[in-house]
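Colleague: Can you look at this prediction? I've put the sequence above it.
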Amino acid sequence: MPHIAFFGIPGHGHVNPTLPIVAELIRRGHRVSYYNTASFAEKISSTGAQFYAYPATDLTGESLTRLAGNLVDVTVLLLEASQRLLPFALDELRREQPDVVVFDGICLWGMQAAHLLNLPRVSSIATMVLEGVKGVIKPRELPGMILSALPRLPRIRRLRRRLEEQYGQGVFPNKDLFPCVGQKTIVFTSREFQPPTPFIDDSFYFVGPAIDPETRVSTSFPWNSLRAGPRVYVSLGTIHRNDTFFNTVFETFAGYPAQFIVSAGQQTDLAALGDAPDNFLVREAVPQLELLPKTDLFITHGGNNSVHEALYWGVPLLVVPQQTEQVANGRLVAQQGAGIVVGDRPPYHQRISATALRSAVDQLLHDESYRGAAQRLSASFRATGGYRLAADVVESLLPPFA
């Protein structure tokens, strides 16, 4: 039986797109093993994959989220993790002897181990390819980013040198540290949504969002509470506390001629939010994939999964970013005409006024051009091939008679 090994990153935005691929490969008769932190054991095992936990390091979903606004600190975290996880990955690959290795686009140790052992390898990039893209970072933002990075550069050089001394120059097979690319690279967006960049070549496969509701954990929801008329879905993700923002939304849109469905997230104390206005439905979590087709607008933090899931259903977006990657996503959505980004300068959503929020919602609900652009991108996503094409890409590297 052909065997495929996945090496992942402990983040829902990185894991979720791979789950339909894993399930599809298993349906096709392959054995799949999947490595990640223990917190993802249940989610990954539910696909039928054999789950293996990484040894303990400082790399957790919480540490990634805490540092996500600082790409240099994330780089340090990943290089430090690779000091411990690369020998683990090498031992596991020698023991398991998979036919193909699939690794996340920031999973250094997965890429490094597969390359050092000369195994067929596929990279999966959860975001757009931003290497070489112009216009996402504004010129006035560059000096501050460079200054904040300088103190960490010696640490990055030391960590790289330590790995090179132990494993040789081949431990960093690519010119750039990130994204980690393989012999073939899967990107979970469409060519139409991907900004132009010279970094992309024929080894990149744009498969669109890997959406399969069967691979998501079910969430109960009072569907009979949805009202007729415009509906606005509000979610800033599940990690951060967003009490202040939600209270601003309550005050701004109480009595507004639309129903607001709020997914508050596990870090928000629903009791502390107080009584929501009559036109609000507030839950800790909602079944996002099932709810989006029933909504007219999505107010989101701009996480990659959320952006792509909304656009898959042709829903315009109001992006309220919380970190650098989400700023880039919001600006790309705005450039495509499928939404508006507000509060895209630090401290991000902490400074958004009620006037700016209401103006953006008014514009997005009443200007049909935003929905038209979202539907155009939806068509591009649906034409890509999705998780089935991604599974084809992985299978294409299987050796004959594997």
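Modeller: Arrived safely. Numbering: from 1, shown residues only.
Colleague: And the strands in the stretch 51-200 of the chain, which stretches?
Modeller: 100-104, 121-125, 184-187 (DSSP state E, counting those that start in this stretch).
Colleague: In CSV, list those along with mean neighbour count.
Modeller: For every residue, glycine as well, the C-beta is placed using N, CA and C. Listed next are the strands of the stretch 51-200 of the chain as CSV, based on neighbours: other C-beta atoms under 10 Å:
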stretch, mean neighbour count
strand 100-104, 28
strand 121-125, 26
strand 184-187, 23
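Colleague: Indicate which one of the ones you listed is closest to residue 336.
Modeller: strand 184-187 (16.3 Å; C-beta to C-beta).
Colleague: Can you pull the domain assignment for the chain?
Modeller: Domain assignment for the chain, taken from automatic domain parsing, gives 3-208+384-395, 223-382.
Colleague: Please produce TSV containing those, extended by mean pLDDT and distance to residue 214.
Modeller: Converted to TSV, the domains of the chain look like this (pLDDT from 0 to 100; distance: least, C-beta to C-beta, whole Å):
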stretch	mean pLDDT	distance to residue 214
domain 3-208+384-395	92	7
domain 223-382	91	10
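Colleague: Tabulate the strands of the stretch 51-200 of the chain (TSV), appending distance to residue 399.
Modeller: Converted to TSV, the strands of the stretch 51-200 of the chain look like this (distance: least, C-beta to C-beta, whole Å):
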stretch	distance to residue 399
strand 100-104	9
strand 121-125	13
strand 184-187	15
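Colleague: Mind checking those for the one nearest to residue 268?
Modeller: strand 100-104 (28.0 Å).
Colleague: Reformat the domains of the chain as a markdown table; add distance to residue 401.
Modeller: Formatted as a markdown table, those follow (distance: least, C-beta to C-beta, whole Å):
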| stretch | distance to residue 401 |
| --- | --- |
| domain 3-208+384-395 | 10 |
| domain 223-382 | 35 |
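Colleague: do you know which of those domains lies nearest residue 216?
Modeller: Nearest to residue 216 among the domains of the chain is domain 223-382 (6.3 Å), distances taken as C-beta to C-beta.
Colleague: Packing partners of the helix or strand hosting residue 309?
Modeller: For residue 309, the element it lies in under DSSP states H and E is helix 304-312. Secondary-structure packing of helix 304-312 (3 or more C-beta pairs under 8 Å, 6 or more residues apart in numbering; DSSP states H and E): helix 12-15, helix 288-291, strand 297-300, strand 317-319, helix 324-335, helix 368-382.
Colleague: ok, residue 389 touching residue 207?
Modeller: Yes. With contacts counted by C-beta atoms under 8 Å, residue 389 reaches residue 207, the gap being 4.7 Å.
Colleague: These two: which is more packed in?
Modeller: residue 207 (24 against 17; other C-beta atoms under 10 Å).
Colleague: Can you give me the distance of the more buried one to residue 384?
Modeller: 5 Å (C-beta to C-beta, to the nearest Å).
Colleague: With residue 81 instead?
Modeller: 31 Å.
Colleague: ok, now residue 124?
Modeller: 14 Å.
Colleague: same thing with residue 29?
Modeller: Counting by C-beta to C-beta - residue 29 and residue 384 are separated by 24 Å.
Colleague: Do you have the helices of the stretch 151-300 of the chain handy? List them.
Modeller: Remark: helices assigned in the stretch 151-300 of the chain by DSSP state H, counting those that start in this stretch are 153-167, 243-253, 270-273, 288-291.
Colleague: export the longest one as CSV, just CAs?
Modeller: The one in question is helix 153-167. Extracted as CSV, the C-alpha positions of helix 153-167 are listed here (Å, rounded to 0.1, in the frame of the first residue of the first chain):
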residue,chain,number,x,y,z
LEU,A,153,19.0,38.8,12.6
PRO,A,154,22.1,37.6,14.5
ARG,A,155,20.0,34.9,16.2
ILE,A,156,18.7,33.8,12.8
ARG,A,157,22.2,33.6,11.4
ARG,A,158,23.4,31.5,14.4
LEU,A,159,20.5,29.1,14.1
ARG,A,160,21.0,28.6,10.4
ARG,A,161,24.8,28.1,10.9
ARG,A,162,24.2,25.5,13.6
LEU,A,163,22.0,23.4,11.3
GLU,A,164,24.4,23.8,8.4
GLU,A,165,27.3,22.6,10.6
GLN,A,166,25.4,19.5,11.7
TYR,A,167,23.7,18.6,8.4
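Colleague: Pull out the buried residues from that helix.
Modeller: Buried residues in helix 153-167, counted by 16 or more other C-beta atoms under 10 Å: 159, 160, 163, 167.
Colleague: One more: the third one?
Modeller: Using 16+ other C-beta under 10 Å as the test for burial, helix 270-273 gives residue 273.
Colleague: chain center to it: distance?
Modeller: In terms of C-alpha atoms, centre = their mean, to the nearest Å, the centre of helix 270-273 is found 28 Å from the chain centre.
Colleague: now do the first one
Modeller: Going by C-alpha atoms, centre = their mean, the spacing between the C-alpha centre of helix 153-167 and its chain's C-alpha centre is 28 Å.
Colleague: That helix packs against which elements?
Modeller: With contacts taken as 3+ C-beta pairs under 8 Å, 6+ apart, helix 153-167 sits against helix 71-96, helix 108-116.
Colleague: ok, residues contacting that helix?
Modeller: Defining contact as C-beta atoms under 8 Å, 6 or more residues apart in numbering, one finds that helix 153-167 is touched by 72, 75, 76, 79, 80, 82, 83, 86, 112, 116, 171, 172.
Colleague: ditto for stretch 126-136
Modeller: Contacts for stretch 126-136 (C-beta under 8 Å, 6+ apart): 11, 13-14, 17, 104-105, 176, 178-179, 187-189, 193-200, 204, 304-305, 325, 328-329, 331-332, 335.
Colleague: Any chance of a PyMOL selection covering the buried ones in those?
Modeller: Buried residues within the contacts of stretch 126-136, by 16+ other C-beta under 10 Å, are selected in PyMOL with:
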select buried, resi 11+13+14+17+104+105+178+179+187+188+189+193+194+195+200+204+304+305+325+328+329+331+332
